[in-house]
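J.: heads up, no residue letters with this:
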């Protein structure tokens, strides 16, 4: 991403209009190089960064056809790049700006699902830009600690989306040269560690190329913590207008700039790969469709001189230069428009759609060039999480059966020291991660929910028939609901409803309203039951309706299956209250029953 999207888009519009007025129409055909055409290894990442401009660029009506055309090139992956904005270069916060190009979460999720439907892998590469035009590489926040805290929250937003949707790769940052200075190495390592605890896919960073004064990929010291080295690879490879393919192939290993300094880009990249014993992927590389775009920053760019051939030959030269490098594992080409009609014969930008360069990439990627039309536009995401590829949810269990022959309930070995986003509970042999851990800690922890008795897994919900990511605890079941508002996406299972099912007599029979509510007695017409005294106080103090649901019974005496003793109990949609007079006056005077154990059959 070598220039801000808004400025690049405006520039392209202006020069395109100028070209249409004063330049002859350029044809789409061009002489192909005489070398024997090969295809890249099947193990390569063969991808594009799909990005658009304007409000909600991943519009659900556009993306299916664009992804089908992308797939037809032989690509095996697509990178989605949602953008958030800082106000200026010293800001400490960032957030979405739909009017400036931030896609909605709904359209991003729809694009992920459509890519997966087509058999494409997905990389999520969220990035930040600056509303006042400052390049992201130059930001210098006035409070570094506050900036990293807010940046982590930004990354976590998309990590959680990626985890829920089964996204295969994630980029934790893009071209933040100032902020990846070695003095911040520890902050990046902390971010990467918490990202791994939160998200199971591959992680990388997209580092800027650069000569020695601004060479981000060589200054980064945390490559060892990532799965591969990612480069925004805008290396200049020729100073000429319309250089030949052969000249640009040589430029990758023997490039001399305008002041006589010579560079071997391939050798320099390999040195970093060898230093960290990591493969390299170009997480971003592209060439404009004008005559001297391969010169990049070392020449005055002739952005008004249309040359689709210069772009095509630069693409071809890049494949030739890297196809035989064993440490090089693939390319994400910049960029693919999220609608099938993008690019074309008069487009001067680095868009690849409908240009000779697209055909060249198709030959190298081994594609057919013939997109299969989607059966229909992908509908908006429904209010349920999508399943990760290859995951089959367990059927909705009968009460008392959730843990029967379910490997998620088998204890697991400790993964190592606890972190801020992963805690291991030796008493039950299970780990609590990220969002579920945050909810557990902030809503009562051990006293309210007990220990985890399973790992996370996907299960069909008996209430609505939809699949959710769940985890069982001694007293509850957590469910992840991405359709809920932010901050309310962890919901508790209706285990009390299941336990009470069919019981309609005695204390479970509805009672008439006793009259006006008082400070010590509340009647719930929704279920026809009354809540009073100690149980009302506990219900009100520790979460109320959201935590426990409505009462499903009146208080009554019941023998506990846990210790065989008789207690006063009352049932709720999500809990069973037990009054323990032996703990009178303490927090433990009211305890919650082990509904999670009961539902799982693990009493």
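T.: Structure received. All values derive from a computational prediction rather than experimental measurement.

J.: for the stretch 151-300 of the chain, what spans make up the helices?
T.: For the stretch 151-300 of the chain, the helices defined by DSSP state H, counting those that start in this stretch occupy 185-198, 216-219, 245-251, 265-276.

J.: kindly reformat these as CSV containing mean pLDDT.
T.: CSV is the format used below for the helices of the stretch 151-300 of the chain (pLDDT from 0 to 100):
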stretch, mean pLDDT
helix 185-198, 95
helix 216-219, 96
helix 245-251, 97
helix 265-276, 97
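
J.: in a markdown table, list these along with mean neighbour count and distance to residue 460.
T.: Every C-beta, even on glycine, is put in place using the N, C-alpha and C of the backbone. Below are the helices of the stretch 151-300 of the chain laid out as a markdown table (neighbours: other C-beta atoms under 10 Å; distance: least, C-beta to C-beta, whole Å):
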| stretch | mean neighbour count | distance to residue 460 |
| --- | --- | --- |
| helix 185-198 | 18 | 25 |
| helix 216-219 | 19 | 45 |
| helix 245-251 | 20 | 55 |
| helix 265-276 | 16 | 43 |
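
J.: out of those helices, nearest to residue 437?
T.: When those are ranked by distance to residue 437, counting by C-beta to C-beta, first place goes to helix 185-198 at 8.9 Å.

J.: which one, of the helices of the stretch 151-300 of the chain, ends up nearest to residue 559?
T.: Among the helices of the stretch 151-300 of the chain, the nearest to residue 559 by C-beta to C-beta is helix 185-198 (41.8 Å).

J.: report all helices and strands that the closest one contacts.
T.: The contact analysis (3 or more C-beta pairs under 8 Å, 6 or more residues apart in numbering; DSSP states H and E) places helix 185-198 against helix 144-165, strand 169-174, strand 202-208, helix 434-442.

J.: and of the ones you listed, who's closest to residue 254?
T.: strand 202-208 (22.2 Å).

J.: columns distance to residue 540 on top of the helices of the stretch 151-300 of the chain, output as a markdown table?
T.: A markdown table is the format used below for the helices of the stretch 151-300 of the chain (distance: least, C-beta to C-beta, whole Å):
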| stretch | distance to residue 540 |
| --- | --- |
| helix 185-198 | 33 |
| helix 216-219 | 54 |
| helix 245-251 | 72 |
| helix 265-276 | 56 |
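
J.: so which of these gets nearest residue 463?
T.: Closest to residue 463 of the helices of the stretch 151-300 of the chain is helix 185-198 (C-beta to C-beta; 27.1 Å).

J.: contacts for the closest one?
T.: 144, 148, 151-152, 155-156, 159-160, 163, 170, 172-173, 180, 203, 205, 221-222, 225-226, 419-422, 433-435 (C-beta atoms under 8 Å, 6 or more residues apart in numbering).

J.: any idea how far residue 177 is from the closest residue to residue 172 other than its chain neighbours?
T.: Excluding the flanking residues, the one nearest residue 172 by C-beta to C-beta, 6 or more residues apart in numbering is residue 205, at 5.5 Å. Separation of residue 205 from residue 177 (C-beta to C-beta, to the nearest Å): 12 Å.

J.: the two: which is more packed in?
T.: residue 205 (28 against 20; other C-beta atoms under 10 Å).

J.: so the more buried one touches residue 170, yeah?
T.: No: taking contacts as C-beta atoms under 8 Å, residue 205 lies outside contact range of residue 170: 10.1 Å.

J.: and the closest residue to residue 155 other than its chain neighbours, how many neighbours?
T.: Computed as C-beta to C-beta, 6+ apart, the closest residue to residue 155 that is not its neighbour in sequence is residue 172, at 6.0 Å. Neighbour count of residue 172, defined by other C-beta under 10 Å: 25.

J.: what separates stretch 321-340 from the chain centre, distance-wise?
T.: 21 Å (C-alpha atoms, centre = their mean, to the nearest Å).

J.: buried stuff in that stretch?
T.: In terms of neighbour count (16 or more other C-beta atoms under 10 Å), stretch 321-340 has its buried residues at 321-322, 327-340.

J.: pLDDT on that stretch, on average?
T.: The pLDDT scores in stretch 321-340 average 95.

J.: next one: stretch 486-498
T.: Stretch 486-498 comes out at a mean pLDDT of 87.

J.: would you mark the buried spots in it?
T.: Neighbour-count burial for stretch 486-498, with 16+ other C-beta under 10 Å as criterion, is recorded at 489-498.

J.: same thing with stretch 141-160?
T.: Residues 141, 147-148, 150-152, 154-160 are the ones in stretch 141-160 that count as buried (16+ other C-beta under 10 Å).

J.: then stretch 534-544?
T.: Neighbour-count burial for stretch 534-544, counted by 16+ other C-beta under 10 Å, picks out 534-536, 538-539, 542-543.

J.: show me which of those residues is closest to residue 515.
T.: In terms of C-beta to C-beta, no member of these lies closer to residue 515 than residue 536, at 15.6 Å.

J.: now the closest one: phi and psi?
T.: The phi/psi pair for residue 536 (degrees, to the nearest 10) reads phi -60, psi -40.

J.: pLDDT score for it?
T.: Residue 536 is assigned a predicted lDDT (pLDDT) of 95.

J.: distance-wise, check it relative to residue 494.
T.: In terms of C-beta to C-beta, residue 536 sits 21 Å off from residue 494.

J.: kindly report the same for residue 231.
T.: For residue 231 relative to residue 494 (C-beta to C-beta), the value is 50 Å.

J.: repeat that for residue 414.
T.: For residue 414 relative to residue 494 (C-beta to C-beta), the value is 32 Å.

J.: do the same with residue 544
T.: Residue 544 sits 16 Å away from residue 494, going by C-beta to C-beta.
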